[in-house]
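Engineer: starting from these lines, generate the structure:
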Amino acid sequence: MSRPLPRIGWVTNLAAPYRRPIWESLARSADLHVFLLENRSRFERGRGNRASEWMSWDNAPVAVSEVPTVRLTAGERQLYLPRAVGRLPGKGFDALVLTGWESPAYWTAAARGRRWGARLIGFYESTLATHAFRRGPIASVRKRFLRGLDAVLAPGPAAKEALLSMGVDASKIFVGFNPVDVLGIHARAHQARASAAVGDRRANGHRYLYLGQLIERKNVAGLIEAFARLADGDSSLTIAGSGHLLESLCALCDQLGLRDRVAFVGPVPYERVPEVLAEHHTLVLPSTEEVWGLVVNEALAAGIHAVVTRSCGVAASVEGMRGVFLADPESASLASAMEASRRAWTGPVDQPEILVHTPEAFAQVVLDAVSARR
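Structural biologist: Sure, this is the predicted structure:
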């Protein structure tokens, strides 16, 4: 008789499109049920810079439920208070994956899981550089929560370092590589390059791309200033995204005389990301603070270069890969890395190293954490 599949509850805020491949992979080896602390109707009323696809799970191969919650917002942070405790996972689950610690909903889910004997597994992405609270009561609460779990998933060495600094037992930490659908992106980018539509839009000069929110910590102003430093007058910069800094960034381009070389194209639907990447040579992620930076995974999967600041959690995991150029967030350092990328460009990378870091590989890390001996 075959053993029953482990029943896993995955508690998270949103149905982020880049998480679906992990869920799909887990669903082949586990009975997975995803619990969302956000709900569609509230999300659509105030989703900020997020597209509707961040709460789309139609035709998902796993069960998905919305948990009734009250949402409190402070800047980029959302805290969720459960309104119906019984809607959180509990009895009957072998393990719960908790993707946050700040919200009371995660503490409640942990208490329910502990009561019913579920293995509690955290998903912790933050790094020492992105810790907003290094000491004091909030830091103590975070440490207590993480230490009390049975296992913690660390998507990269920078997150593992942060966990160890808080006293989490090394034997509880399961390190993976924060994934996106690298093989799918690679195939779609290759297809896009082969199409006449992409070919017709190619211009002379090196094409740089920023893809993300237009908010302070993303340091898009620093990127524009770095672009202004480049001696190559044929290069161009595409800024794809939305946010409250749009007007000031346009004004900065006017001030620096760059409006004919910098294009603001608005947000890009997730399904079009591979095509947009394929139209460019170098992605730049200039953030002063970034827990990871999955757009770097996507860029490398598409075969283009990536300039990424050392402030990003992804930097430690992609350093040394072909086409990766690390920089500091200051404009001079960004400009130097961007110029190095331009000089090194000889065409798309055919088989980038990032292709081995699949959602399937990360799903196996999750299963290892689920099945590890208590």
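Engineer: what about the stretch 151-300 of the chain, any weak spots by pLDDT?
Structural biologist: Within the stretch 151-300 of the chain, the segments meeting pLDDT under 70 span 196-203.
Engineer: count the residues that sit near the residue lying closest to residue 69 once chain neighbours are set aside.
Structural biologist: Excluding the flanking residues, the one nearest residue 69 by CB to CB, 6 or more residues apart in numbering is residue 80, at 4.2 Å. Just so you know, the C-beta spots here come from the backbone N, C-alpha and C atoms, and that holds for glycine as well. The number of residues packed around residue 80, counting by other CB atoms under 10 Å, is 23.
Engineer: try residue 157
Structural biologist: The burial count for residue 157: 14, using other CB under 10 Å.
Engineer: spatially nearest residue to it (excluding sequence neighbours)?
Structural biologist: residue 316 is the one closest to residue 157 (CB to CB, 6+ apart), at 5.2 Å.
Engineer: am I right that that neighbour is in a helix?
Structural biologist: Yes. Counting by DSSP: H, G, I helix; E, B strand; the rest coil, residue 316 is located in a helix.
Engineer: who's in contact with it?
Structural biologist: By CB atoms under 8 Å, 6 or more residues apart in numbering, residue 316 lies in contact with 156-158.
Engineer: just checking, residue 94 touches residue 7?
Structural biologist: Yes. Using CB atoms under 8 Å, residue 94 is in contact with residue 7, at 5.0 Å.
Engineer: where's the nearest residue to residue 131 once chain neighbours are set aside relative to residue 155, distance?
Structural biologist: In space, not counting the residues next to it along the chain, residue 131 is nearest to residue 162; the distance is 6.7 Å by CB to CB, 6+ apart. Separation of residue 162 from residue 155 (CB to CB, to the nearest Å): 11 Å.
Engineer: rewinding a little: what's the helix or strand for the residue nearest to residue 131?
Structural biologist: Using DSSP states H and E, residue 162 maps to helix 157-165.
Engineer: just for the stretch 1-150 of the chain, where's the confidence low?
Structural biologist: Ranges of the stretch 1-150 of the chain meeting pLDDT under 70: 1-3, 47-49.
Engineer: swap in 80 and give it another go.
Structural biologist: Residue ranges of the stretch 1-150 of the chain with pLDDT under 80: 1-3, 45-54, 59, 74-76, 131-134.
Engineer: helices of that one, start to end?
Structural biologist: 20-26, 40-45, 104-115, 137-147 (DSSP state H, counting those that start in this stretch).
Engineer: dump the residue contacts of the residue positioned nearest the centre of the chain.
Structural biologist: What sits nearest the mean C-alpha location of the chain, by CA atoms, centre = their mean, is residue 294, with 4.0 Å. Going by CB under 8 Å, 6+ apart, residue 294 touches 18, 178, 180, 314.
Engineer: from residue 311, how far out is it?
Structural biologist: 15 Å.
Engineer: okay, and the beta partners of the closest residue to residue 119 other than its chain neighbours?
Structural biologist: Leaving aside its chain neighbours, residue 119 sits nearest to residue 95 (4.1 Å; criterion: CB to CB, 6+ apart). Using DSSP bridges, the beta-bridge partners of residue 95 come out as residue 8, residue 119.
Engineer: is residue 95 in contact with residue 6, as I believe?
Structural biologist: Yes. The criterion here is CB under 8 Å, and residue 95 meets it with residue 6 at 6.5 Å.
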